[in-house]
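**Student:** got a predicted structure here, sequence first:
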Amino acid sequence: MSKTFDDGIVNIYDSVEVSNPGDMPEQERHIYGTYYFGYPEYGVSMNQRFAAEHYDHHLDAVIDIDLDRGLHSGMICNIDETNYRVMHVQHRKDQEGLWFTRLSLEANDHDPD
């Protein structure tokens, strides 16, 4: 059975350098793309949560979208008015051999400590 992306819509943003040469660096958030997404059948496992906490991160969600090899960690996702930071990007195959992209997300409301 192939993956379905019917759990919602995610907007993904990337930071773009907008300063003039010689000026202080300044970045703006620009939309990278809009995707339909699906949650994996198993959700976020305890092993994934403990591994993230080992690196002082919180794993709050994992989503699957259509394959996009241009995505990278550090991008910002918006799902239902909640902003997440992309912590990890994986390109995987489903049971039928079709490629998809799995994003591990951290909510931006955690303390930086």
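**Tutor:** Nice, thanks for sending it over.
**Student:** low-confidence stretches in this structure?
**Tutor:** 1-2, 43-57, 109-113 (pLDDT under 70).
**Student:** ok, now which ones touch the residue nearest in space to the middle of it?
**Tutor:** Closest residue to the average C-alpha location of the chain: Val86 at 3.6 Å, with CA atoms, centre = their mean. Going by CB atoms under 8 Å, 6 or more residues apart in numbering, Val86 touches Ile12, Leu71, His72, Ser73, Gly74, Met75, Ile76, Cys77, Leu103, Ser104, Leu105. All C-beta atoms are positioned from the backbone trio N, CA, C, and that covers glycine.
**Student:** just the residues you listed now: which is nearest Glu96?
**Tutor:** When the contacts of Val86 are compared for distance to Glu96 (CB to CB), Leu103 comes out closest, at 20.7 Å.
**Student:** what bridges to the closest one?
**Tutor:** Using DSSP bridges, the beta-bridge partners of Leu103 come out as Ile63, Val89.
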